Structure formats: C-alpha cells, structure tokens
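1. Got a predicted structure plus its sequence, pasted below:
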Amino acid sequence: MIEIRELRQGDAESVLLLDQEIRGPDRSLTWDQYVGRVLEVIALDSLEYAPWGCFVAVDQQRDHDIVAFLMSERQSSTYGLPPGVRIVAMAVHPDYRRMGIGSRLVEALTKKAKADGIGTMFSVLLDEDERDAAFLTRNGFSNAHFTVYTKEV
C-alpha cells in the first residue's frame, strides 16, 4: 500500500538516494537551489514543521521506503508568472511508475494549495520534455504559452 504524506524530518537521505538512483549523483541539471535548501532544513534536529507543499510516497509494504517525491514552493511572481505554487522537483522510482503515484502527489499538492487559498499551480519544463508535459496535461495543467529566450555568452 502506498501512503502519500508530507515530507518530514529524516526524509532527506531517502529523497537524495531515490533521485540519485533515477538521475545519477549529479543533480545540478535537475534541481534548483530550493531543493537543496529544503533537504538541508529537513535534516535539522530542530525542524518543527514540514516545508510547505513537499510530499513523499511511502511503500508501507516495503519497509516504509520512499518511492516518490514532489517538492514545490509558493511563488509571489516570478518570470512573469502569476502568484501560485511552482512544482520544483518530482520523481517516481521506475518500479512504481504508471501506478498513479505521481498523480496522487499532484493531488495532495492541489488540496494543500486550495486549502491555503492559492489558485494557480505551475511547472516549468524544457520544450523537449514531452513525457513530463504529457503527465502534467493528464493532471489538469495546460500550456501557458510562455516563451523564454536565451543567449549563450
């Protein structure tokens, strides 16, 4: 049985191990600085409250292993996007994909956002990231038609 719960103290190492298993030890291309800060905070002995909008999926039949995670942050207004919640990082262990776990994580975040009066959720993807775009579309997201122009220097 898979339980969805908020990220809590002691989860940092399991989240890092899961991400390394999926992406390899170098997470610099997949995570922004926010994720590193969240993991540092949840490792503190003095943590009283879970970071807002961060969830894990735990397999209760497999020694309560973390098999998926979703980290988000509240945004006031960034990159011209409206205030809301931005999904910063999300991963599901390959053995647990196509079981609805990712959708359950998004659903948990949606409920949290609604309860806190937040009306918009978003995620920023690369154009070539078709798999994640399809997942987000299946979960009620739509393309915001927001274009970022870059110049290599």
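-> Structure's in. What do you need? Numbers count the residues shown, from 1 in each chain.

2. Which elements pack onto the lengthiest helix in the chain?
-> Secondary structure assigned by DSSP state H gives helix 101-115 as the longest helix of the chain. Applying 3 or more Cβ pairs under 8 Å, 6 or more residues apart in numbering; DSSP states H and E, we find helix 101-115 packed against strand 2-6, strand 55-59, strand 65-75, strand 84-92, strand 121-123. Placement of C-beta: from N, CA and C, glycine included.

3. Apply 10 Å and report the result again.
-> strand 2-6, strand 55-59, strand 65-75, strand 84-92, strand 121-123, helix 130-138 (3 or more Cβ pairs under 10 Å, 6 or more residues apart in numbering; DSSP states H and E).

4. With distance to residue 40 and mean neighbour count added, can I get those in CSV?
-> Compiled in CSV, those are given as follows (distance: least, Cβ to Cβ, whole Å; neighbours: other Cβ atoms under 10 Å):
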stretch, distance to residue 40, mean neighbour count
strand 2-6, 17, 14
strand 55-59, 17, 21
strand 65-75, 13, 21
strand 84-92, 14, 20
strand 121-123, 23, 21
helix 130-138, 26, 13
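
5. right, and the ones you listed - which one's nearest residue 22?
-> Checking the helices and strands packed on helix 101-115 against residue 22 by Cβ to Cβ gives strand 84-92 as the closest, at 5.3 Å.

6. what residue ranges in this structure score low on pLDDT?
-> Counting by pLDDT under 70, the ranges of the chain that qualify are 24-37, 41-48, 78-81, 147-148.
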